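**Q** Output the structure for:
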Amino acid sequence: MPLDSLNFHRAEYGSAAPLAENCEFCTRGLAGEYFSVDQHRVCGPCAARVGAMQAANTSGVFLRSIATGVLAAAMSGLVYFSLYRLTGGSWMVFAAIGVGYAIGKAMRVGSYGFGGRRYQVMAALLTYMAVVLASTMVLVGSHEVPLWFYPLFLFAPLIQLFVGHFSLAALQLLFAIVGMRYAWILMAGKSWKITGPHPFGE
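**A** Numbering: from 1, shown residues only. Alright, predicted model coming up:
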């Protein structure tokens, strides 16, 4: 999880070593003890603020992020479908990057900036669904396909491999994986390990 929103200012010490008695986030004196935030020595108020931010990453925030990601997947999937049909599949790897980017950015907005593994997995899944569904609808056609059949389109690359359409399956998977990678990167984040208070010399 990024700490940019904390608005802390790291002290500048020039060539001298940082003083162990100062908080590494706000430079406030540590008064004989410190808290550890991923090996950063910080004061109690700074540690409390980091903990409060992590506590705000609730299941409700995660669901909100999924909702915004689903909306972005639907919109970007329609764009991908249109471009695929117009270009015949040419240069669609760049469109897949756009799908992954749109979903990742939307989920980041919905999560108030939080990220992490569960966000990355969901962003990657939504990107896969958008890219594979859109490309399969172009290849198969969607005029006479019943709605209940659409979820099966998600397995189209595997089906194509089974029936021997190796190049087509490889292209679909390549486009999806490229988009998934960008969505995964955008939703990166981690939880900060907070311990303390610790006396100096520990």
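
**Q** in the protein, which spans are helices?
**A** Remark: helices assigned in the chain by DSSP state H are 44-55, 59-87, 92-110, 117-140, 156-163, 166-186.

**Q** Could you name the helices and strands sitting against the first one?
**A** It stands for helix 44-55. Applying 3 or more Cβ pairs under 8 Å, 6 or more residues apart in numbering; DSSP states H and E, one finds that helix 44-55 makes contact with strand 33-37, strand 194-199. All C-beta atoms are positioned from the backbone trio N, CA, C, and that covers glycine.

**Q** Nearest to Pro45, out of the ones you listed?
**A** For the helices and strands packed on helix 44-55, proximity to Pro45 was assessed by Cβ to Cβ; strand 33-37 is nearest, at 9.5 Å.

**Q** in that closest one, what's buried?
**A** Buried residues in strand 33-37, counting neighbours by 16 or more other Cβ atoms under 10 Å, are found at Tyr34, Phe35, Ser36, Val37.

**Q** Could you do stretch 69-88 as well?
**A** Going by 16+ other Cβ under 10 Å, stretch 69-88 has these buried residues: Gly69, Val70, Leu71, Ala72, Ala73, Ser76, Gly77, Tyr80, Phe81, Leu83, Tyr84.

**Q** Just name the closest of the residues you listed to Leu161, please.
**A** Tyr84 (19.9 Å).

**Q** Quick check: the gap between the closest one and Val99.
**A** Distance, Tyr84 to Val99, using Cβ to Cβ, to the nearest Å: 11 Å.

**Q** what do you get for Leu125?
**A** In terms of Cβ to Cβ, Leu125 sits 13 Å off from Val99.

**Q** And for Ala130?
**A** Between Ala130 and Val99 the computed distance is 5 Å (Cβ to Cβ).

**Q** what do those two both touch?
**A** Counting by Cβ atoms under 8 Å, 6 or more residues apart in numbering, the residues touching both Ala130 and Val99 are Ala73, Ser76, Gly77, Tyr80, Gly179.

**Q** Adding pLDDT and distance to Arg64, write those residues out as a markdown table.
**A** Compiled in a markdown table, the shared contacts of Ala130 and Val99 are given as follows (pLDDT from 0 to 100; distance: Cβ to Cβ, whole Å):
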| residue | pLDDT | distance to Arg64 |
| --- | --- | --- |
| Ala73 | 95 | 15 |
| Ser76 | 93 | 19 |
| Gly77 | 91 | 20 |
| Tyr80 | 90 | 24 |
| Gly179 | 93 | 22 |
